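>>> Give me the fold of what follows.
(4 chains)
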2 protein chains.
Amino acid sequence: MTTQTSTPWLTDTEQQTWRRWLALNAQLPALLHRELQRDSELSLPDFDVLVQLTDDDRGRVRIAQLAEALQWERSRLSHHVTRMARRGLVEKEDCLDDGRGSFVVLTAVGRAAIEQAAPAHVRTVRRAVFDALSDEEVVLLGEMTEKVLARLGS
Amino acid sequence: MTTQTSTPWLTDTEQQTWRRWLALNAQLPALLHRELQRDSELSLPDFDVLVQLTDDDRGRVRIAQLAEALQWERSRLSHHVTRMARRGLVEKEDCLDDGRGSFVVLTAVGRAAIEQAAPAHVRTVRRAVFDALSDEEVVLLGEMTEKVLARLGS
DNA sequence: CCAACTTACGTGACATGTCAACTATTCCCG
DNA sequence: CGGGAATAGTTGACATGTCACGTAAGTTGG
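Below is the predicted model of the structure:
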């Protein structure tokens, strides 16, 4: 890629940071997925769904709300929930208040699965990410991601 | 998820940083992909492949080397290159030195496509990420990602 | 009340990514 | 040499994600 005067290309520092970001963005989820698969029957998306469900007292969340929390497309979630239901991890339940709506409900099997998988997963996250950073760095990283996220909204 | 004494769960700060990281990790590529699609015929993976090819003088890279640079599975790349070749963005070429190998070669069409798409893409990256951060923050972020990447290697 | 609109979700066709073979070379070493 | 192991890349079956559209239920203004 040749530098063009008309294009505000990135500085060397920015470019380096950007490339590392991209690399990390590719490798970290891959690692988490592999480790999760190795010692559980869950994929990373499965895990994310189950986390959201365990966040609710009754393990029972409306599809749209779940999609919002996960930042997933509705149809993606719909497909995924269908597959998870087939494996017994969750169930679907009609919403009485609103005839259109439905809930995704955590089953005993699903709860057991995430409770079994979570400790190792957290250890992986800690080992891969937080053990590499000082407390101040964690705070700073949190601030930076917040700033960027705020910009994405607009 | 209940905190278990046996599990080294994350501190509140860590958890907050982690959740933001995950959110950003999901939303930023999504934005880049959307914007890229809007004003070019390229997907984000297409773009990444083309960047690697333009990095080479002759726009001509061995499959394995390309997979390494992109951190992609061989077969993913193979499939993707086949599709890109069908659209005329790249071509495959046999390697004379090594009868097993082959090159992916940038075509005129591919070069035109990335040169047309790059400026807007860079602007998006700048607007979404770097405009939100100070110079020091960019440096710090680069250092952190480097540390974490280093840990992923082992 | 009812027609138009919106919202909630599902579905099917298709694009993309993964995994486990497979083919064809090249390498290594007796 | 020659034969087994490694390497380069492809392939096909399958899992996953996207997009456009469909259906049903709620909402709203005349």
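>>> From now on I want contacts and neighbour counts done on CA atoms only, so please keep to that.
Fine.
>>> which ones are touching the closest residue to residue A:18 other than its chain neighbours?
Using C-alpha to C-alpha, 6 or more residues apart in numbering or on different chains and skipping residues adjacent in sequence, the residue nearest residue A:18 is residue B:142, 7.8 Å away. Counting by C-alpha atoms under 8 Å, 6 or more residues apart in numbering or on different chains, residue B:142 touches A:16-18, A:20-21.
>>> Which of the helices or strands spans residue B:142?
helix B:135-153 (DSSP states H and E).
>>> now the angle from that helix to helix A:135-153?
With axes from the mean of the first three to the mean of the last three C-alpha atoms, to 10 degrees defining the directions, helix B:135-153 sits at 110 degrees from helix A:135-153.
>>> which SS state does residue A:105 fall under?
What DSSP: H, G, I helix; E, B strand; the rest coil gives for residue A:105 is strand.
>>> residues in contact with it?
With the criterion set at C-alpha under 8 Å, 6+ apart, residue A:105 makes contact with A:53, A:59-61, A:90-93.
>>> Which residue is the nearest non-sequential neighbour of it?
Per C-alpha to C-alpha, 6+ apart, closest to residue A:105 is residue A:60, 4.4 Å.
>>> Would you confirm that the one you found contacts residue A:107?
No: the pair residue A:60 / residue A:107 is not scored as a contact, 9.6 Å apart, by C-alpha atoms under 8 Å.
>>> and these two? which has more neighbours close in?
residue A:60 (22 against 18; other C-alpha atoms under 10 Å in any protein chain shown).
>>> Tell me which residue is most central in chain A.
residue A:48 (5.1 Å; C-alpha atoms, centre = their mean).
>>> Is it correct that that one falls within a helix?
Yes: under three-state DSSP, residue A:48 falls within a helix.
>>> give the contact list for it.
residue A:70.
>>> and residue A:91, that one's in a strand?
Yes: under three-state DSSP, residue A:91 falls within a strand.
>>> in the sheet, who's paired with it?
Residue A:91 has these beta-bridge partners by DSSP bridges: residue A:105.
>>> Report how many residues lie close to it.
Other residues close to residue A:91 by other C-alpha under 10 Å number 18.
>>> so what pLDDT did residue A:26 get?
Here the pLDDT value assigned to residue A:26 is 88.
>>> again with residue A:10
Reported pLDDT for residue A:10: 89.
>>> Enumerate every residue touching it.
Neighbours of residue A:10 in contact, by C-alpha under 8 Å, 6+ apart: B:122, B:126.
>>> where does chain A come near DNA strand C, residue by residue?
A:34, A:62-65, A:74-75, A:77-79, A:100-103 (C-alpha under 7 Å from any atom of the strand).
>>> And the helices in chain A?
Counting by DSSP state H, one finds helices in chain A at the ranges A:12-38, A:44-55, A:63-70, A:74-86, A:108-128, A:135-153.
>>> how about low-confidence regions in chain A?
A:1-8 (pLDDT under 70).
>>> in the helix holding residue B:142, what counts as buried?
Buried residues in helix B:135-153, defined by neighbour count with 16 or more other C-alpha atoms under 10 Å in any protein chain shown: B:137-138, B:140-149.
>>> Can you tell me which of these comes closest to residue B:125?
Distance to residue B:125, by C-alpha to C-alpha, is smallest for residue B:138 among the buried residues of helix B:135-153, at 13.1 Å.
>>> pretty sure that closest one is touching residue A:15, no?
No: with contacts counted by C-alpha under 8 Å, residue B:138 stays clear of residue A:15, the gap being 9.9 Å.
>>> ok, back up a step: right, and the helices of chain A - which one's nearest residue B:70?
That would be, of the helices of chain A and by C-alpha to C-alpha, helix A:12-38, which comes in at 8.1 Å.
>>> Could you list the buried residues of the closest one?
Applying 16+ other C-alpha under 10 Å to helix A:12-38 flags A:14, A:16-18, A:20-21, A:23-25, A:27-28, A:32-33, A:35-36 as buried.
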